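In: quick one, fold the following:
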Amino acid sequence: MKMDGKTVLITGSTDGVGRYVAAKLAAAGAKILIHGRDKERAASLVDEIRDQGHDVPIFYQADLASLAGARQLAEAVTAEHKRLDVFISNAGIGSRSLGSERRTSADGHELRFAVNYLSGFLLAYLLLPLLKAAAPSRIVNVASLGQHPLDFDDVMLTKGYTGTRAYAQSKLAQIMFTIDLAQELKSSGVTVNALHPATYMNTTMVREGGIAPISTVEQGGEAILHLAEGDDVAGKSGLFFNGMRQSQANPQAYDEAARKRLRALSLELTGLSAA
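Out: Coordinates of the predicted model:
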């Protein structure tokens, strides 16, 4: 896909791998919609892209720890744009971010499940009219190899909580959603894929968790860019990639009954009506 003139929204793009992807796509001629919570980080990215002579990106500030924040972001983008060629759902909280204790979102949901999965679920549906208007268009869900099956009797992990399990559960939920949404969007011209970009990239999230980086932001960024613009994945949908290569997710991702339960729960929690 040639990115010149395309409109791309990247959540969590003021830092880390999202920032790298935003700068690269801007250099390729795309109109970039950046998102984050920190105005100063956003301003520095806007300046960086402007100074390189590219289209000045538009910054949308929103806190995806609340469903209202996700709705606010979707409403702002929809009000100002008639089409969206690529939506990269990248915002997230790591397994060790904000300490080891269980936290909840503004809506009372387990925080990692809320930020890493539910807000992206809601955003994807609210942005679908713009994505369909731009078809062929793409959704890229930035997930992880770290995956843990959902316990539907305790999705919010009120018992036996660990940040690692919460993170891994939220990432598997993203992949399960990717498969379902791909089936729903067949023949629409909108594709949706998920990926593990790279292992322990040198990002703020990883460093804050006290983890020694293994991969570079560039490695992860190029894997995301592959799904966003690669010609070899045009028309491919509902897949999980490990870096550049198609891979297999946790078996629960391919359990239709589990995905159906997750979809019903997600529609209920986000207030969306069943499609």
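In: I'd like to know how many residues surround residue 50.
Out: 13 (other CB atoms under 10 Å). Where C-beta positions appear, they are placed from N, C-alpha and C, glycine not excepted.
In: select the longest helix from the protein.
Out: As assigned by DSSP state H, the longest helix anywhere in the chain is helix 163-184.
In: what is that helix packed up against?
Out: Judged by 3 or more CB pairs under 8 Å, 6 or more residues apart in numbering; DSSP states H and E, the packing partners of helix 163-184 are helix 111-112, helix 119-133, strand 137-142, strand 190-196, helix 256-270.
In: what is the mean pLDDT for it?
Out: Averaged across helix 163-184, pLDDT comes to 97.
In: cool, and stretch 211-223?
Out: When pLDDT is averaged over stretch 211-223, the result is 87.
In: next, the distance between the ends of it.
Out: The first residue of stretch 211-223 is 21 Å away from its last residue (CA to CA, to the nearest Å).
In: would you mind listing the buried residues in that stretch?
Out: 215, 217, 219, 220, 221, 222, 223 (16 or more other CB atoms under 10 Å).
In: residue 228 against residue 140, yeah?
Out: Yes - at 5.4 Å, residue 228 counts as touching residue 140 under the criterion of CB atoms under 8 Å.
In: where does residue 34 land in three-state SS?
Out: strand (DSSP: H, G, I helix; E, B strand; the rest coil).
In: who does it form a beta bridge with?
Out: According to DSSP bridges, residue 10, residue 59 are recorded as the beta-bridge partners of residue 34.
In: and the most centrally placed residue in the chain, how close does it get to residue 142?
Out: What sits nearest the mean C-alpha location of the chain, by CA atoms, centre = their mean, is residue 89, with 2.0 Å. Distance, residue 89 to residue 142, by CB to CB, to the nearest Å: 6 Å.
In: likewise residue 109?
Out: For residue 109 relative to residue 142 (CB to CB), the value is 20 Å.
In: higher neighbour count, these two?
Out: The neighbour count for residue 109 versus residue 142, taken as other CB under 10 Å, is higher for residue 142 (27 against 20).
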